[in-house]
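A.B. asks: please find the sequence and the predicted model below.
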Amino acid sequence: MKTKLHFIKGTILASSVLSAIAAQAQFSYNTGVGAYGDLLVCFRPNSGSYDLVVDAGSITTFTSLANGQTITIDPAYYTGTLLAYEGTNNIHWSAFACQRLPGASSTNNIWITRPRSNPNVQSSPWPCKASAVQANAASQIDSIGKDAGNIAFSVTTPFGTSPTSTSTAVVEPEGGANGAGNYYNSYSFMMGTGGNLGGNFWGDIGGVSVEQSTPSNFTTSGQPVLADFYQLLSANSGQSATYLGYFKLDTAGVLTYTAGPYAVVVPPTITSITRVGTTTTISFNSQAGVTYNLLATNTDNITALRSTWPAVASPMTGNGSTEMFTDVTTDASRVYVITAH
């Protein structure tokens, strides 16, 4: 078992390609064959040239968390420039892992996301399937991880060259081929446009996509997006998957995982607004652990959808007491809204 959440592993480079990928750390992925595999977190743009695959460490790190505990997923991927290849507007993302135990009574277990359409409402659990069905999804998950490692290590591929990678993340040139042989396929090719592991995930009557997406104005919307995380044991075929927790991607590109149910958010109440010179201070009642954003517009645009109002302050996490946002503006008048997630 390995954990790759808050440190960088030792750099491993093959001397034969050292000159071509100077100082590039080698991405590695522990498969789920005969063991608990690593959790993969993957991003792809709605339209673009590169994907991002992040190895967040063993799935057991996530399943062993107590309710309410939170992990920030591999901070290296967003503190650098890796996510910049996709951006955070108009992207699709997902997280998944597998465990494949061969033998006469084979076991194929998977852990996978389901997007929330409403940030405050948990999605319906995916249905578990028999081992023979879940085997195809588990195999696809492992293929995504192994191909990411090969793309990171290869000087070139038939579809281009990875511009950068670390020991826990790799930027992939988009591309792939059926019956690829020695070709290494990108996440977007392996996932497919349906967001269902290239047709290997069965879904239910509510949909098949395991990917969450962001709108075109995500970075300025102040609205994070969430995806629930489920455990699908093949021994529980015909039953609903077990809910484990949720992933939240905020507008700065930071992805966190929290074990257990998502707290019901109470709409915030603005208690006072004061202005001194060009500085406006907005006070409000906060809820512990809830993320707040301050949105603003001028009176001419007050009828516009609130989702289009820009955020005018950095997000803030409540502590259960009165909190304050400040906004410095020369506008003669502004209208404010505080959102909570």
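C.D. replies: Okay, I see it.
A.B. asks: show me the protein divided up by domain.
C.D. replies: Domain ranges of the chain: 15-259, 270-340, per automatic domain parsing.
A.B. asks: deepest-packed of these, please.
C.D. replies: domain 15-259 (a mean of 19; mean count of other C-beta atoms under 10 Å). C-beta here means a position set from N, CA and C on the backbone, and glycine is covered the same way.
A.B. asks: which residues sit in contact with residue 107?
C.D. replies: Neighbouring residues of residue 107 by C-beta atoms under 8 Å, 6 or more residues apart in numbering: 99, 100, 101, 131, 234, 235.
A.B. asks: again with residue 84
C.D. replies: Per C-beta under 8 Å, 6+ apart, neighbours of residue 84: none.
A.B. asks: what about the stretch 101-250 of the chain, any weak spots by pLDDT?
C.D. replies: 180-182 (pLDDT under 70).
A.B. asks: now do 80
C.D. replies: 103-105, 155-157, 179-182 (pLDDT under 80).
A.B. asks: need the contacts of residue 107 in CSV (columns: secondary structure and distance to residue 265).
C.D. replies: Shown next, in CSV, are these (DSSP: H, G, I helix; E, B strand; the rest coil; distance: C-beta to C-beta, whole Å):
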residue, secondary structure, distance to residue 265
99, strand, 34
100, strand, 38
101, strand, 40
131, helix, 39
234, helix, 35
235, helix, 35
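A.B. asks: pull the most distant pair out of those residues.
C.D. replies: Greatest spatial distance among the contacts of residue 107 (C-beta to C-beta): 100 and 235, at 13.7 Å.
A.B. asks: so what's the residue lying closest to residue 133 once chain neighbours are set aside up against?
C.D. replies: Nearest non-adjacent residue to residue 133, counting by C-beta to C-beta, 6 or more residues apart in numbering: residue 202, 6.6 Å away. By C-beta under 8 Å, 6+ apart, residue 202 lies in contact with 127, 129, 133, 137, 196, 208.
A.B. asks: would you agree residue 293 falls within a strand?
C.D. replies: Yes - according to DSSP: H, G, I helix; E, B strand; the rest coil, residue 293 belongs to a strand.
A.B. asks: my guess is it contacts residue 312, does it?
C.D. replies: No - taking C-beta atoms under 8 Å as the definition, residue 293 is not a contact partner of residue 312, at 9.1 Å.
A.B. asks: before we move on, the earlier item: quick one: which of the contacts of residue 202 is nearest residue 287?
C.D. replies: Distances from residue 287 to those, taken by C-beta to C-beta, are shortest for residue 127, at 33.6 Å.
A.B. asks: ok, the most far-flung residue of the chain relative to its centre to residue 324 distance?
C.D. replies: Distance from the C-alpha centroid of the chain, by C-alpha atoms, centre = their mean, peaks at residue 277 (40.8 Å). According to C-beta to C-beta, to the nearest Å, residue 277 and residue 324 sit 16 Å apart.
A.B. asks: quick one: contacts of stretch 257-270?
C.D. replies: Counting by C-beta under 8 Å, 6+ apart, 62, 65-71, 73, 95, 120, 122, 226, 229, 243-248, 282-287, 289-290, 292, 336, 338, 340-341 sit against stretch 257-270.
A.B. asks: let me fix that, I meant to ask about stretch 133-140.
C.D. replies: Counting by C-beta under 8 Å, 6+ apart, 32, 98-100, 106, 108-110, 112, 128, 190, 197-198, 200-202, 232, 234, 237 sit against stretch 133-140.
A.B. asks: looking at those residues, which are in helices?
C.D. replies: In helices, judged by DSSP state H, the following of these are found: residue 190.
A.B. asks: in strands, which of the contacts of stretch 133-140 appear?
C.D. replies: 98, 99, 100, 108, 109, 110, 112, 232 (DSSP state E).
A.B. asks: just those residues now: which is nearest residue 45?
C.D. replies: So of these, ranked by how close each gets to residue 45 (C-beta to C-beta), first place is residue 112, at 21.0 Å.
A.B. asks: could I get the contacting residues of the closest one?
C.D. replies: Contacts of residue 112 by C-beta under 8 Å, 6+ apart are 94, 95, 96, 97, 126, 137, 201, 210, 229, 230, 232.
A.B. asks: can you tell me which two in the ones in strands among the contacts of stretch 133-140 are farthest apart?
C.D. replies: 100 and 112 (14.3 Å).
A.B. asks: if we can go back for a sec, tabulate the contacts of residue 107 (a markdown table), appending distance to residue 171.
C.D. replies: Compiled in a markdown table, those are given as follows (distance: C-beta to C-beta, whole Å):
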| residue | distance to residue 171 |
| --- | --- |
| 99 | 27 |
| 100 | 27 |
| 101 | 32 |
| 131 | 34 |
| 234 | 33 |
| 235 | 37 |
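A.B. asks: quick check, nearest of those to residue 316?
C.D. replies: Using C-beta to C-beta, the contacts of residue 107 come closest to residue 316 at residue 99, 38.7 Å.
A.B. asks: I'd say that closest one and residue 39 touch.
C.D. replies: No - using C-beta under 8 Å, residue 99 is not in contact with residue 39; the gap is 11.5 Å.
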